[in-house]
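# sequence unknown, structure follows:
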Ligand SMILES: Nc1ccn([C@@H]2O[C@H](COP(=O)(O)OP(=O)(O)OP(=O)(O)O)[C@@H](O)[C@H]2O)c(=O)n1
Ligand SMILES: C[C@](O)(CO)[C@H](O)COP(=O)(O)O
């Protein structure tokens, strides 16, 4: 195995940010006078291993190329799903003459607070792995599996649920209100929250993304594609500061984290 592979960094920035809900794509949200995308590129620039970056942007993006970045930038056009944006980036990296044993680092534009030391650590872990490594954090909170219950359903069942759990549910039988209830508590001892960067061998990444495409799988990160094929991906414990801007509340946390880090 090649233990000193080249690193090809890409940031995926072709999403719409529908859960964030702003009129501007969330990667262009301003924090501390810079867009999230600029912050994310700057974090990669602080890594010991990254000297340029491929930005995967939406076909109708007119913003990225007007911004200044902390690294030399190449561009590729993303797809409808995140993994399709990654696949477009992988294609561009492959066509640029990269070797299949090289490492591809994939980072979310929406994670601008990743510590540069975490970036170095996940790259160094991936260098020793046949497939790759990702940053992740052990789940910290008690985890509940839920079920939906509609108050417009049988009154008897409804009251049984209420008395069994000793809760005073506020029933309103004039409306069909579905609420979530706690079904059980999941053992969190081996549960992790995936972050980015995620770092993989180029050849293996191409192979698992082709598998996702052929089998029409739905995945939210590239590590999932490796999991489908039982290919081991190492989990490297990352900082809890590396949150993703997903919902509006996250902007408050991210602003505080970036201020504390600066
Ligand atoms: N088709 C897509 C979807 C997502 N992303 C990128 O993947 C990262 C993480 O994805 P997510 O938080 O899901 O971003 P969005 O898809 O933009 O958000 P949402 O799911 O709320 O619409 C973001 O930097 C986003 O720009 C992408 O490049 N191409
Ligand atoms: C890639 C990712 O950021 C890792 O946490 C994530 O999977 C993106 O998708 P999500 O649906 O927001 O979890």
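Yep, that arrived. Quick caveat: nothing in here was measured; it's all calculated off a predicted structure. Ligands and ions are numbered 1, 2, ... in the order given.

# what about the strands in the stretch 1-150 of the chain?
Counting by DSSP state E, counting those that start in this stretch, the segments of the stretch 1-150 of the chain that form strands are 7-13, 30-31, 34-35, 53-57, 73-77, 103-108, 132-138, 143-150.

# Mind checking those for the one nearest to ligand 2?
Of all those, strand 103-108 sits nearest to ligand 2, with 4.8 Å by C-beta to the nearest ligand atom. (Glycine included, C-beta is placed from N, CA and C.)

# Now do the buried residues in stretch 80-92.
Applying a neighbour-count criterion of 16 or more other C-beta atoms under 10 Å, one finds 82-90, 92 buried in stretch 80-92.

# So which bits of stretch 142-155 are buried?
149, 151.

# related to what we said a few turns ago, list just the nearest of the buried residues of stretch 80-92 to ligand 2.
Nearest to ligand 2 among the buried residues of stretch 80-92 is residue 82, at 6.2 Å by C-beta to the nearest ligand atom.

# Tell me which residues touch the closest one, please.
By C-beta atoms under 8 Å, 6 or more residues apart in numbering, the residues touching residue 82 are 12, 15, 220-221.

# Secondary structure element for residue 198, which one?
Using DSSP states H and E, the element containing residue 198 is strand 192-201.

# Name every strand pairing with that strand and say which way it goes.
Partner strands for strand 192-201, per DSSP bridges, with pairing direction: strand 103-108 (antiparallel), strand 132-138 (antiparallel).

# just the angle between the shortest one and strand 7-13, please?
In this structure, strand 103-108 runs at an angle of 20 degrees to strand 7-13, with axes from the mean of the first three to the mean of the last three C-alpha atoms, to 10 degrees as the basis.

# same deal with the longest one?
An angle of 50 degrees separates the directions of strand 132-138 and strand 7-13 when computed by the same axes, to 10 degrees.

# Pull the distance from strand 132-138 to the chain's centre.
Put simply, strand 132-138 sits 11 Å off its chain's centre (C-alpha atoms, centre = their mean, to the nearest Å).

# before we move on, the earlier item: which among the contacts of residue 82 gets closest to residue 53?
Distances from the contacts of residue 82 to residue 53 were compared by C-beta to C-beta; the smallest belongs to residue 12, at 11.2 Å.

# Thought residue 106 was touching the closest one, still the case?
Yes. Under the criterion of C-beta atoms under 8 Å, residue 12 makes contact with residue 106 at 6.5 Å.
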